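Participant: next comes the sequence, and after it the predicted model I'd like to discuss.
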Amino acid sequence: MRTFLTIWLGRVVARVGSGLTGFALAVWVYQRTGSVTQLALVSFFMTLPAVLMSPLAGTLVDRWDRRRAMILSDAGAGLSTLAIALLVWGGQAEIWLIYLALAVAAVFQSFQWPAFSAATSLLVRNQDLGRANGLTQLGLAIAQILAPVLGAALLLAIELRGVILVNFLTFLVAILTLSLVRIPRPAVRSEGAPRGSLLGEAAYGWTYLRQRPGLLGLLALFAATNFTMGMLTVLVTPLVLSFAPPSVLGPVLGVAGGGMLAGGLLMSVWGGPRQRARGIFIPLLLQGIALLIGGWRDSAPLIAASAFAFMLGFPILNACSQAIWQSKVAPEVQGRVFAMRQMIAMSALPLAQLAAGPLADFVFEPLLAAGGPLAGSVGQLVGVGPGRGIGLLFIALGIANLLALAAAWSYPRLRRVEDELPDAVGVAAPTAQAIGEASEAAADATLA
């Protein structure tokens, strides 16, 4: 666990830095353009390249040392972030150049998640995967809380370029922590596909999933819920800014992070239910209800409370899902399988981010504008005016989430995935020799 915790600490620092840049760029673009669509493109270019690159990245992660893959990821993303700071500093911060730099950073970041997830399987025992993934979600929560609060303060104090330079420094911290540890390589077993072309090995991840309908069903469920999350990442900022100043947005996002923090702490201590599928279904029910409530009124306390409840379930369902994948997929193919999983599940994010702006600007907002088609009917319930169309879209997303949950529960292969699939052999138990070598190497690196 010491090696895992060292890597985890670096990831938390890097996530906080990335959150600072994401928050600062979102405010900068929205205040400069006033367009939800332009705001959505920031998230789009931070996501789509990573999704497209995932299969090849996962294949390379299985071929490479996973520690070095994470170092490469942080170094490339850090340099891309530095490029954004230099553009701002030189007065060349055209929006299309910002999009390009974000896309390059996303390509490098595509190596990070499959490498870290596969490394966790080698460093943590099967029975402790829930707690380890809870810590991972806790790290996300810490970033969720600190990033908007620090971002709002730093944006006023050192402006956009200063915030981005801070992010660059956080990548250096992550690289330093990775340089202090060693990660054992997985033993090659029968489930490992023979080495061939990169494309052939990348396609093996899909073959592996098709042979396991329960995992494929779990993947489809998360693709659907990720569509909702992609919408929310774009829409929560204009929803709050439609009736409140930016100084209110930071605390609202901070409260949402508090829910994620509480869920992450719970999972870190508890480890999740014995039947991990329950740790997915129950939080999804909570999230659907939270969305129905959050879109009801243009009230910062109500939106903050709903965001807290929504994000409370997020670490629990993610940690339980991750533990299922890590325990059921053979370690030597986890890079490819997890990358294919990431590509399919995360492909919903850029689609949602592209759809969020036009849906808000040209469909839902006009519906509930003064004199709009639904102003005299639905508007009597949820209100009329700026931001109310986005609130109605929140309610529609809540209903869609509940329908996706009902469909998942009715599919027995998904409901019984833990019983039908055996645990992968040696999923989190590297040999004593490998553990000893990793510990000695970490100690040597620390002394050096």
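Facilitator: Looks like it arrived, so ask away. Numbering: from 1, shown residues only.

Participant: show me what contacts residue 322?
Facilitator: The contact partners of residue 322, taken as C-beta atoms under 8 Å, 6 or more residues apart in numbering, are 117, 129, 133, 136. The way it works is simple: take the backbone N, C-alpha and C, and place the C-beta from them, glycine included.

Participant: from those residues, which land in helices?
Facilitator: The helices, defined by DSSP state H, take in 117, 129, 133, 136 from those.

Participant: one step back: pull out the buried residues from the contacts of residue 322.
Facilitator: Buried subset of the contacts of residue 322 (neighbour count, 16 or more other C-beta atoms under 10 Å): 117, 129, 133, 136.

Participant: residue 360: which of those residues is nearest?
Facilitator: For the buried ones among the contacts of residue 322, the closest approach to residue 360 (C-beta to C-beta) belongs to residue 136, at 31.4 Å.

Participant: contact partners for the nearest residue to residue 230 once chain neighbours are set aside?
Facilitator: Spatially, and ignoring its direct neighbours in sequence, residue 230 is nearest to residue 352 (2.9 Å; C-beta to C-beta, 6 or more residues apart in numbering). Contact analysis of residue 352 by C-beta under 8 Å, 6+ apart lists 226, 227, 228, 229, 230, 231, 234.

Participant: residues contacting residue 399?
Facilitator: Residues near residue 399 by C-beta under 8 Å, 6+ apart: 288, 292.

Participant: for the one helix or strand it maps to, the distance to its chain's centre please.
Facilitator: Following DSSP states H and E, one finds residue 399 within helix 388-409. Relative to its chain's centre, helix 388-409 lies at 20 Å (C-alpha atoms, centre = their mean, to the nearest Å).

Participant: and the spatially most central residue of the chain, how far is that from residue 167?
Facilitator: When C-alpha atoms, centre = their mean is applied to the chain, the residue found nearest the centroid is residue 140 (8.1 Å). Distance, residue 140 to residue 167, by C-beta to C-beta, to the nearest Å: 16 Å.

Participant: and what of residue 122?
Facilitator: Computed as C-beta to C-beta, the residue 122 to residue 167 distance reads 29 Å.

Participant: burial count for residue 1?
Facilitator: Using other C-beta atoms under 10 Å, residue 1 has 13 neighbouring residues.

Participant: which ones are touching it?
Facilitator: Contacts of residue 1 were listed using C-beta under 8 Å, 6+ apart, and they are 123, 124, 128, 132.

Participant: and which of these is nearest to residue 51?
Facilitator: Set against residue 51, the nearest of the contacts of residue 1 by C-beta to C-beta is residue 132 (24.9 Å).

Participant: what's that closest one in contact with, if anything?
Facilitator: If you count contacts by C-beta under 8 Å, 6+ apart, residue 132 has them with 1, 4, 120, 124.

Participant: same deal with residue 421?
Facilitator: By C-beta under 8 Å, 6+ apart, residue 421 lies in contact with 212, 214, 215, 328.

Participant: can you check residue 273 too?
Facilitator: Going by C-beta under 8 Å, 6+ apart, residue 273 touches 279, 320.

Participant: that one in helix, strand or coil?
Facilitator: Put simply, residue 273 is coil when judged by DSSP: H, G, I helix; E, B strand; the rest coil.

Participant: how close does residue 174 sit to residue 17?
Facilitator: For residue 174, the distance to residue 17 (C-beta to C-beta) stands at 8 Å.

Participant: I meant residue 364, not that one.
Facilitator: From residue 364 to residue 17 the distance is 34 Å (C-beta to C-beta).

Participant: return the subset of the contacts of residue 352 lying in helices.
Facilitator: Per DSSP H, the contacts of residue 352 map to helices at 226, 227, 228, 229, 230, 231, 234.

Participant: looking at those residues, which is nearest residue 321?
Facilitator: Nearest to residue 321, judged by C-beta to C-beta, of these is residue 226 at 11.5 Å.

Participant: what helix or strand is the residue nearest to residue 230 on?
Facilitator: Using DSSP H and E, residue 352 falls in helix 348-358.

Participant: average pLDDT for that helix, rounded please.
Facilitator: Helix 348-358 shows a mean pLDDT of 82.

Participant: hey, what's the angle from it to helix 388-409? Just curious.
Facilitator: Angle of helix 348-358 versus helix 388-409, following axes from the mean of the first three to the mean of the last three C-alpha atoms, to 10 degrees, is 150 degrees.
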